[in-house]
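Enquirer: Provide a 3D model corresponding to the input given below.
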Amino acid sequence: MRQALQIFLRFSAKAYLWVLIATLPVSLCAVNQWLPENQRLFPGDEWLRDHFVQLRATEIPEERLALIDIDEHSIAALGPVPWPRARIADLIEKLIVEFGVRGVALDIFFDEQKDTIGDQRLAMLATHGPIVLAQAFDFDKSRLLPLRSGKLAGGKTISPDATRLGSNAAMATGYIANHAGLSNARFIGNIGFVPDRDGTLRRIPVLTRFENKIYPGLSRALLECCSKIRPDKLFALNSRFSDVDENGFSRVEFSRSLSAYEVVPAYSVLQDTTPLESLRGKFVIIGSSSLSLADRVATPLNPSTNGFVVHAEALTTLLDEHEGRQYVKWPGKWIALLFTMLTAGIALYMFPRFSALYNTLMLGIASGIWVVVAYFSVEHDMWFSPVSPLIANFFLLAVAVPFGWQTAQRKSRRLLGTLQQYVAKAVVQELLRSDLKDPLAPRQLHVTTLIADMEGYTSQVENLPMEEAANLTREFLECLTAPVLEKGGTLDKYTGDGLVAFWGAPLPVENHADLAVDAAIEIVRNVRKLSAQYEQQGRKKIRVRIGIESGIAIAGDFGSSFRSIYTAVGDSVNTASRLEDAARHFPHDIIIGKGTVDGSNRHAFQLLGERLLKGKEKPTTIYTVEVSR
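Expert: Here you go, the predicted model:
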C-alpha cells in the first residue's frame, strides 16, 4: 500500500509540474494584457502592430481630399519660408474660389503678427470662409514652465451635455496658439501630438481638454467646418477615435499608404499649373514637407513622414465611417488569453507524449495561426497586447520543450538500464540504432528459449552453511549467465537455481537457434569446470539441465503499474521448460526440441526419440546436440 502511494505521488507530482508549466505562460499573457501599456512586461506590441499597418495599408487613391505641400520646389520657385501671410491668403483664396475645394485646413500656425495686410486677410478668411486654422497643445506634464504662446481660440465649454466629450479628451498642459488677431476664427484644430517612446507617432488626441474647454483635432474641426454632418452625428461617427487610451489618445489607423494621397505642390496652385477639376469638391490640408520647417515625423508607414499626412489619415478614417464603415469593437484581450489557453492545453497534452520536434512544430504552427488572428484583431481592438501569445509560446518553447526532452531522456535512460539487465551491450546498442519507437512493447516474434536449472539443488545446499550455499548459487548462475549474454541472448529471469533466456527478441535474429545451442554448450562446459573444482574439495558433483525450443512467442514488457518485466510467453517457451525437466531422465545435459533443430544451420543433433511431455497431448520428438570433443 505504501509503495502504491509513493508511485501515485510521483505520478501526481509530474502531472502537476506539467500543469504548472502550461499555466505560467497563460498567467504571463493575462498579466501582460491587463497591465497599462507603459508597464507591460514584454516589448514588441508596437513593432508587430506597425507591420500589420504596413500590410493592411491600401494604395487605392484617396479622392476625397488632397494635400497642398509647401515643398522644396515651391520654396525654390517662390522664395524661402516662412512665406508672407499674404501669399498664404492667396493660396487659400485660389483653392476656395477658383478650384472650388470644400474646405481648407492649415497644418501651420501663426503665433506672431508679421504681415498686417496678410494677417487681416487670413483673419477674414478664418472668420467667414471654410477655413480651419491650427494651434498646438502641449501634453508634457514634466515641463516646469507650461507653454503659453499666442491666444487660444475655439473650444467648447464643458457642460452636462458635453460630459461624454470630456471623458475622451486628452489633458493638455500648455499650448502654442495663433496671435490674437486670428482669435476670432470659427474653426481651429489641434495639431499637437506626443510620439511613443520609440519616437514614432501612432496616436493623436482627437479631442483635447484644457482648463474648462474641449478642443477638436484638425481633421475633426475640418469636418465640423466644411461637411454637411451635424455635430451630434459627427460625434457618433467617431466610434474608432472614441476608443482612447488612459491619456485620451486614439490610434491613427493609417489605412492608406502614402502613395494613395494626392500631393500638390503649392507653387503649382499659385502659378495656375494645376488642373482646376483635380481639386474640386475636395477637403484640402495645407502643410509642408520642407526640411527647413522640420515638420517630419516617424510613423508606422515611414520613418520620415510629412506631418500633415497624419491628419490626412485621421480625416480618411472619419470619412470612411461617415460613408458606412463601422468600427466594431472586439474583446482583443480575451481573444489573446483564450488562444493562449488553447495553445497551453494542446501543449499539456502533446508535450509528455510527442517528441521535441513535433512539439516545436506545434508551437510554430500555433504562432503562425495567432499572427493571422492578431492581424484581424488589432483592427478591432487598438489596445490589447498582440505579442503576448507569442511570448507565451516562446516560454513553452524555452521551458516546456526542454523539460519534455529531459523527461524523455530520463525515460530513455531508464529503458536503457532496464535493457542492460536483460540483454548484451551489443544488443542494446543495436536497439538504440534501430527505428523502433518502443522496443519493449509486446510483439509476436520467432524466438528460441533456453531454460537451465541445477539438478538436485536442494540436496546440494541443504547441509551447507548459508554463506557457502549463497556462493554456490552465485557461482552457478555466473556459469549460466555469461554465455547467454556473450551470445547476444536476452536474460528473462533467474529461477533461484537457474535461468530463462531467449534469442530473437527484442530484436529479430536470423540464427537465434544456433546462438542458443552455442550458449548451452558453453554453459555445460562452465558448469563441468565448476563441478570439477567442487569435487576436488570433496563436495558433491554439479549437473545442469538445459531445455531448448524454438517457435512463435509474444515478447515484451508485461506486468502492472506496480511491477513489470520483459519476458516471452508462448507454447515454445512452455515446451523448453518441459524439455529441461525431461533432461533428468536422460544422460544428456541438453535436450532440444524439433523447432530448434529445424532452425539450426551449424550444429549436428542426435535423435533421442519421442516423449510425452507434461501438459502435452501428443509425444514430442526430442534431440540432443552432438558436441565435438
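Enquirer: hey, let's count contacts and neighbours off CA atoms from now on
Expert: Fine.
Enquirer: helix/strand/coil for the residue lying farthest from the centre of the chain?
Expert: For the chain, the largest distance from the centre (Cα atoms, centre = their mean) belongs to residue 538, which lies 75.5 Å off. Secondary structure, DSSP: H, G, I helix; E, B strand; the rest coil: residue 538 is coil.
Enquirer: how close does it get to residue 531?
Expert: 10 Å (Cα to Cα, to the nearest Å).
Enquirer: How about residue 369?
Expert: 74 Å.
Enquirer: and if you look at residue 20?
Expert: 61 Å.
Enquirer: where's residue 469, which helix or strand?
Expert: helix 466-486 (DSSP states H and E).
Enquirer: by contact count, what packs against that helix?
Expert: strand 490-494, strand 498-503, helix 512-536 (3 or more Cα pairs under 8 Å, 6 or more residues apart in numbering; DSSP states H and E).
Enquirer: so that helix versus helix 512-536, what angle?
Expert: Note on geometry: by axes from the mean of the first three to the mean of the last three Cα atoms, to 10 degrees, helix 466-486 and helix 512-536 are set 150 degrees apart in direction.
Enquirer: could you check the angle strand 490-494 makes with helix 466-486?
Expert: Using the same axes, to 10 degrees: helix 466-486 against strand 490-494 is 160 degrees.
Enquirer: gap between helix 466-486 and the chain center?
Expert: From the chain centre to the centre of helix 466-486 is a distance of 56 Å (Cα atoms, centre = their mean, to the nearest Å).
Enquirer: can you state the direction angle for that helix and strand 498-503?
Expert: 10 degrees.
Enquirer: Low-confidence regions, the stretch 401-550 of the chain specifically.
Expert: 401-439 (pLDDT under 70).
Enquirer: ok, 50 please
Expert: In the prediction, the stretch 401-550 of the chain carries no residues with pLDDT under 50.
Enquirer: still on that earlier bit, which residues sit against the helix holding residue 469?
Expert: 423-424, 452, 461, 490-491, 496-499, 501, 516, 519-520, 522-523, 526-527, 530 (Cα atoms under 8 Å, 6 or more residues apart in numbering).
Enquirer: Give me the buried stretch members for that helix, please.
Expert: Buried positions in helix 466-486, judged by neighbour count with 16 or more other Cα atoms under 10 Å: 472, 473, 476, 477, 479, 480, 481, 482, 483, 484, 485.
Enquirer: now swap in stretch 391-399 and tell me
Expert: 391, 392, 393, 394, 395, 396, 397.
Enquirer: Please apply the same query to stretch 271-290.
Expert: 274, 279-290.
Enquirer: Just the ones of the buried residues of stretch 391-399 in helices?
Expert: Using DSSP state H, the subset of the buried residues of stretch 391-399 located in helices is 391, 392, 393, 394, 395.
Enquirer: Dump these to TSV, plus distance to residue 253 and pLDDT.
Expert: Listed next are these as TSV, based on distance: Cα to Cα, whole Å; pLDDT from 0 to 100:
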residue	distance to residue 253	pLDDT
391	25	90
392	27	89
393	28	86
394	29	87
395	31	83
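Enquirer: distance of residue 358 from residue 397?
Expert: 11 Å.
Enquirer: Revised request: answer the last question for residue 73.
Expert: For residue 73, the distance to residue 397 - Cα to Cα - is 55 Å.
Enquirer: Can you check which of the helices and strands packed on helix 466-486 gets nearest to residue 615?
Expert: strand 498-503 (19.1 Å; Cα to Cα).
Enquirer: Starting from that closest one, tell me which strands it pairs with and how they run.
Expert: strand 443-454 (antiparallel), strand 490-494 (antiparallel) (DSSP bridges).
Enquirer: Could you dump the helices and strands packed on helix 466-486 into TSV and include distance to residue 185 and mean neighbour count?
Expert: Below are these laid out as TSV (distance: least, Cα to Cα, whole Å; neighbours: other Cα atoms under 10 Å):
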stretch	distance to residue 185	mean neighbour count
strand 490-494	99	21
strand 498-503	102	25
helix 512-536	104	20
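Enquirer: Pipe the ones you listed into CSV and attach distance to residue 444 per row.
Expert: Output for the helices and strands packed on helix 466-486, formatted as CSV (distance: least, Cα to Cα, whole Å):
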stretch, distance to residue 444
strand 490-494, 16
strand 498-503, 13
helix 512-536, 15
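Enquirer: Ok, which of these comes nearest residue 352?
Expert: Here strand 490-494 is closest among these (Cα to Cα), at 29.5 Å.
Enquirer: Measure how far that closest one is from the centre of its chain, please.
Expert: That offset, for strand 490-494, works out to 46 Å (Cα atoms, centre = their mean).
Enquirer: right, so the strands paired with strand 498-503: which one is the most enclosed?
Expert: strand 443-454 (a mean of 25; mean count of other Cα atoms under 10 Å).
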